[in-house]
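>>> Attaching a predicted model along with its sequence, questions to come.
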Amino acid sequence: METSETLTAIPLDVFGQAQHQENARLRALGPVALVELPGGVPAWAVTHHQALQDLLADPRVGKDPRHWSQYAEGRVPADWPLIGFVNVPGMITTDGTEHRRLRALVGQALTPRRVEVLRPRIEALAERLLAELGGDLGGEPGGEPGDSRGGEFELRAAFAYPLPMQVIGELLGLPPADQDTLHELCDTLISSSAEPGRALAAQQALFALLGSLAARKREQPGDDLTSALIAARESNDALSEQEVVATLMLTLVAGHETTLNLITNAVRALLADPALRARVTAGEVDWSAVVEETLRHDSPVGQFPLRYAIEDIAVGDVLIRRGEALLASYAAAGRDGGHFADADTFDADRGPVRHLSFGHGPHFCLGAGLARLEAETALRTLFARFPGLRLAGRAAAPTPIASFTSNSVRELWLMAG
Ligand code: HEM
């Protein structure tokens, strides 16, 4: 059997320039491939759909970094670019009972029923953003669909970012004035091109900002998730101050960048396929089919660090040793040709798509229902508002985001109409 001692780790292209080619190369090596993360840190990238599904639900795999030999032995530098995913306290770095305790509280705020209650609010926010955008482009704010004069706009900044940010902001009870600062800090945190130390500084600044939000809500509770977390009692076990802030931070980071990428990637897919776009806008294909296929074809989370083998685990002809790190390669699994026919092709007629892009097992995304609702609402309202929407000339070859976790493009310039 191959092990980390017999194989040579492949340095990973972390800047997303050619993520899909890179993923194809790794998939060809088998269900798991030994890769080198930034800073020369080794990990097993799990790139095949079935292996990823199995390992995500395998009790021999944990998320507590104390299982990671390299970390436990102090060999991961404090300014390692991905350290924010490893040492952040909260549900993404805990297992078992402790994980269930932290997760249950946020889960209560994001049940399908509570998400459904948000639908009219999300629609109103989307319509308002588009009306403002139409006004900026020369049409009448709040005017009829298609009445703008065909100006250019950047989708992410003008619409795909503010929508999930406002939704998550309202959910958490964040004042709108804090949202720009938060955007900047979140960007730095997820960007693997950030200078050493900058990601850590951003993480600390985010903690401070959310800490003051929690302090304000402790004084003056409102009808929001922050106040609910502070008030929550589970088996008489309230969340500590640090746990509240960590949970807020996780929900904030997890809840907007991902949805932003999903909306962007779906718009790209629809603009690249006029026949599909016509069928969707005519109601012949559900928006949900477009959203699910986008999730599979271009997973908003490229890869997610990290998990750790609690025992030796055999995968195919590879032995992952206890204490070694695993990387969930969601974008790679979505295009696994061994699982999905014609995997590189965007095909909204596939029928139910059982992708793993919201994760699987105990850490399955808590915001999946909300993200789906936001993305469907965003797409429906956007294409209704601008029936002649098309790519602007400068969007011919958009640049991928320089990020380890985020799979999308930096900017998407569109022409309204
Ligand atoms: C398109 C949008 C989204 C995608 C693709 C996405 C994807 C994911 C993935 C892949 C995971 C599992 C990470 C892992 O352990 O490997 C995850 C976890 C999580 N997501 Fe999402 N997410 C999205 C939106 C949201 C939203 C809107 C929220 C909250 C409002 C949210 C909250 C969370 C939380 C709290 C976790 C951690 C769950 C745990 O560790 O038990 N996500 N998400």
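Sure thing, it's come through.

>>> Where does the stretch 101-250 of the chain get nearest to the ligand, residue-wise?
R103 (4.6 Å; CB to the nearest ligand atom). (Glycine included, C-beta is placed from N, CA and C.)

>>> Same check on the stretch 301-417 of the chain?
Taking CB to the nearest ligand atom, the stretch 301-417 of the chain has G367 as its residue nearest the ligand, at 2.0 Å.

>>> Might one say that that residue is in contact with A254?
Yes - taking contacts as CB atoms under 8 Å, G367 lies within contact range of A254: 6.4 Å.

>>> Wait, a helix at A208?
Yes - under DSSP: H, G, I helix; E, B strand; the rest coil, A208 falls within a helix.

>>> need the contact list for the residue nearest to V267 when sequence neighbours are not counted.
Computed as CB to CB, 6 or more residues apart in numbering, the closest residue to V267 that is not its neighbour in sequence is L155, at 6.0 Å. Shown in contact with L155 (CB atoms under 8 Å, 6 or more residues apart in numbering): 263-264, 267, 411-414.

>>> nearest residue to L12 other than its sequence neighbours?
Closest residue in space to L12, ignoring its immediate chain neighbours: V35 at 4.6 Å, by CB to CB, 6+ apart.

>>> what's around the one you found, how many residues?
Look at V35: counted by other CB atoms under 10 Å, it has 24 neighbours.

>>> Looks to me like it is in a helix.
No - looking at V35 with three-state DSSP, it is strand, so not inside a helix.

>>> On the pLDDT front, check it for me.
For V35, the model assigns a pLDDT of 96.

>>> so which helix or strand takes in the spatially most central residue of the chain?
Nearest to the geometric centre of the chain sits T258, at 2.9 Å (CA atoms, centre = their mean). Here T258, judged by DSSP states H and E, is contained in helix 241-271.

>>> Please compute how far that helix lies from its chain's middle.
5 Å (CA atoms, centre = their mean, to the nearest Å).

>>> can you pull the buried residues of it?
By 16 or more other CB atoms under 10 Å, the buried positions in helix 241-271 come out as 243-271.

>>> Sketch out the strands for the stretch 101-250 of the chain, chain order is fine.
Assigned by DSSP state E, counting those that start in this stretch, the stretch 101-250 of the chain shows strands spanning 152-154.

>>> and it, which residues reach the ligand?
Within reach of the ligand by CB under 6 Å from any ligand atom, the stretch 101-250 of the chain has these residues: 103, 106, 168, 250.

>>> Once you drop chain neighbours, what's closest to the last one?
Residue nearest to L250 in three dimensions, not counting chain neighbours: G90, with 5.0 Å by CB to CB, 6+ apart.

>>> okay, now the one you found: neighbour count?
Neighbourhood size, G90 [other CB under 10 Å]: 21.

>>> which regions of the stretch 251-400 of the chain lie under the pLDDT threshold?
Low-confidence segments of the stretch 251-400 of the chain (pLDDT under 70): 395.

>>> Strands along that one, start to end?
304-309, 313-315, 318-320, 325-328, 390-391.

>>> Can you check which of the ones you listed gets nearest to H49?
Closest to H49 of the strands of the stretch 251-400 of the chain is strand 325-328 (CB to CB; 11.5 Å).

>>> Wait, A314 touches T3, no?
No - under the criterion of CB under 8 Å, A314 makes no contact with T3, lying 10.3 Å away.

>>> For the residue nearest to the centre of the chain, give its distance to A396.
26 Å (CB to CB, to the nearest Å).
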